[in-house]
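Enquirer: here is the input, now give the coordinates:
(one chain, ligands or ions: 1)
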Amino acid sequence: MDSKKIQLCLFKQILSEQNLMAMKKVLAFSGSNSSASINQKLIRFAAEKVQKAEVTVVDLRDYNAPIYSMDLETESGIAEPVKNLLETMSGYDGFLISSPEHNGSTPAFFKNIIDWLSRADRRFFNGKPIMVMGASPGGSGAGSARAQVSKMFGHFGGKVVAEFGLANFHKHLAENDELSITDADTRAALDAALKNFEAALTTVEA
Ligand SMILES: Cc1cc2nc3c(=O)[nH]c(=O)nc-3n(C[C@H](O)[C@H](O)[C@H](O)COP(=O)(O)O)c2cc1C
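Expert: Just a heads-up that it's a prediction; the model follows:
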């Protein structure tokens, strides 16, 4: 190889290393404790579509905590799984979160974890960008739950920069029971939301 080609190769290698170093990290999870969660399926689908960040998908069932009570907090302090979640969250630049809807609200399971987190650190999102999603079997795409968590996250230092709702979830299932959004409008809405989220991620300081 001549020296110009070697120089070009080295230049490309340095660029790709810098790119890797600058790669933002996203933590993705749903607010469901169902083993067959449609919101966790949506999270996995959306995570695959993120191009300019490294996404880690976790299952909030691994951070389950007893129902919050002031007595319990006074007796035993912040629940251990919540401390672990807070520690995990601190290592990420942004969040992809999908909330199910239970009776027009976010499920008690997720609200409980949010309540615990708020006791551990009132600004647990620490100014970082969030994309809020929600999937439902019906026509709203968990719209009420999305509105509710979006408002709530603002109280905890979260910046909701993008939203996406997936209505009629079961119409978007492939034969292997995995999510496959083939409808052009729905796909375009998800792509647009992810683009806004990824753009916001680039503004997060290292
Ligand atoms: C107690 C309960 C209440 C529900 N309420 C609503 C509701 O208000 N709106 C809605 O769209 N779906 C509602 N659903 C249906 C959920 O959207 C559906 O169970 C969905 O699969 C939950 O998300 P997940 O699978 O990610 O847990 C409700 C389900 C349960 C069990």
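Enquirer: so where does residue 132 fall, helix or strand?
Expert: According to DSSP states H and E, residue 132 maps onto strand 129-135.
Enquirer: beyond that strand, next helix or strand please.
Expert: The first helix or strand that comes after strand 129-135 along the chain, using DSSP H and E, is helix 143-155.
Enquirer: tell me the helix or strand right after that following helix.
Expert: Sequence order places strand 159-166 as the next helix or strand after helix 143-155, per DSSP H and E.
Enquirer: ok, and what's touching the helix or strand just after that following strand?
Expert: For strand 159-166, the following helix or strand on the C-terminal side (DSSP H and E) is helix 184-201. Contact with helix 184-201 is made by 24, 26, 46, 49-53, 93-94, 96, 129, 131, 133, 159, 161-164, 166, 172, 181, as judged by C-beta atoms under 8 Å, 6 or more residues apart in numbering. Heads up, the C-betas are built off the backbone N, CA and C, glycines and all.
Enquirer: any idea of the mean pLDDT in helix 184-201?
Expert: On average, the pLDDT along helix 184-201 is 98.
Enquirer: dump stretch 64-77 to CSV, restricted to CA.
Expert: The C-alpha coordinates for stretch 64-77 follow below in CSV (Å, rounded to 0.1, in the frame of the first residue of the first chain):
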residue,chain,number,x,y,z
ASN,A,64,-39.4,-4.2,40.9
ALA,A,65,-40.0,-2.7,44.3
PRO,A,66,-42.6,-3.1,47.1
ILE,A,67,-45.5,-0.6,47.0
TYR,A,68,-44.1,2.7,48.2
SER,A,69,-45.0,3.7,51.7
MET,A,70,-43.5,6.4,53.9
ASP,A,71,-43.3,3.9,56.8
LEU,A,72,-41.3,1.5,54.7
GLU,A,73,-39.0,4.3,53.5
THR,A,74,-38.5,5.5,57.2
GLU,A,75,-37.8,1.9,58.3
SER,A,76,-35.6,0.7,55.5
GLY,A,77,-34.7,3.6,53.2
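Enquirer: just the element for the residue nearest the centre of the chain, please.
Expert: By C-alpha atoms, centre = their mean, the chain has its centre lying nearest to residue 96, at 1.7 Å. Assigned by DSSP H and E, residue 96 falls within strand 94-98.
Enquirer: quick one: mean pLDDT over that strand.
Expert: Strand 94-98 comes out at a mean pLDDT of 98.
Enquirer: repeat that for stretch 46-53.
Expert: Mean pLDDT, computed over stretch 46-53, is 97.
Enquirer: who in the protein is up against the ligand?
Expert: 30, 32, 34, 37-39, 100-104, 136-138, 140, 142 (C-beta under 6 Å from any ligand atom).
Enquirer: thank you, goodbye.
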